[in-house]
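Colleague: what's the 3D shape of this:
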Amino acid sequence: MYILALETSNQAMSVAVMNDHDLLGEITINRKQTHSQQLMPAIEQLMAASALTPEQLDRIVVADGPGSYTGIRIAVTTAKTLAYTLEKELVGISSLAVLAANVRRTDAIIVPLMNARRNQVFAGGYQWLDNNWSMCSMIGTLTSRHC
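Modeller: Next comes the predicted model:
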């Protein structure tokens, strides 16, 4: 299954292509240009470098926050447009869950943090349960599930 993944919720922007669990390529850009100027060229470059056509994609995955409102809108709109026009599956995933998934599977609670500006952070607690990352709690919300 070929997957195109988009992440623009933070200052850095990332695009990746995977075949099942194998990473075929990724581009991460951390420049002061806006994501709206960088995202489509990065997708085109990565697809060409991976020798894939958009029609070969099976799923499009997009980080849907928390993070920069404008950055999220850019990636979600791009992902929805691609999924609709290509008739592909669209999946949203938490930007914090993506950060937690970079940690080796452990019984410990992982708490990824993202700068929310104005001396605030986005944070969430995740734990590896039942062969999957599970959200334990969300700091700053009224409802939470504790591990």
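Colleague: need the strands for the chain, in chain order.
Modeller: Applying DSSP state E to the chain gives strands spanning 2-7, 13-19, 22-29, 59-63, 89-93, 113-117, 120-129, 132-138.
Colleague: turn the ones you listed into a markdown table, including mean neighbour count, mean pLDDT and distance to Thr70.
Modeller: C-beta: built from backbone N, CA, C; applies to glycine. Shown next, in a markdown table, are those (neighbours: other Cβ atoms under 10 Å; pLDDT from 0 to 100; distance: least, Cβ to Cβ, whole Å):
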| stretch | mean neighbour count | mean pLDDT | distance to Thr70 |
| --- | --- | --- | --- |
| strand 2-7 | 23 | 97 | 14 |
| strand 13-19 | 20 | 96 | 12 |
| strand 22-29 | 14 | 95 | 16 |
| strand 59-63 | 22 | 97 | 14 |
| strand 89-93 | 15 | 96 | 17 |
| strand 113-117 | 13 | 83 | 13 |
| strand 120-129 | 18 | 84 | 15 |
| strand 132-138 | 16 | 69 | 22 |
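Colleague: just send the ones you listed back as a markdown table, with distance to Ala79 too.
Modeller: Below are those laid out as a markdown table (distance: least, Cβ to Cβ, whole Å):
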| stretch | distance to Ala79 |
| --- | --- |
| strand 2-7 | 5 |
| strand 13-19 | 11 |
| strand 22-29 | 16 |
| strand 59-63 | 4 |
| strand 89-93 | 6 |
| strand 113-117 | 19 |
| strand 120-129 | 20 |
| strand 132-138 | 21 |
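Colleague: of all those strands, which lies closest to Gly71?
Modeller: strand 13-19 (7.5 Å; Cβ to Cβ).
Colleague: how distant is that closest one from the center of its chain?
Modeller: Taking Cα atoms, centre = their mean, to the nearest Å, the mean C-alpha location of strand 13-19 is offset from the chain mean by 9 Å.
Colleague: for that strand, packing partners?
Modeller: Helices and strands touching strand 13-19, as assessed by 3 or more Cβ pairs under 8 Å, 6 or more residues apart in numbering; DSSP states H and E, comprise strand 2-7, strand 22-29, helix 35-49.
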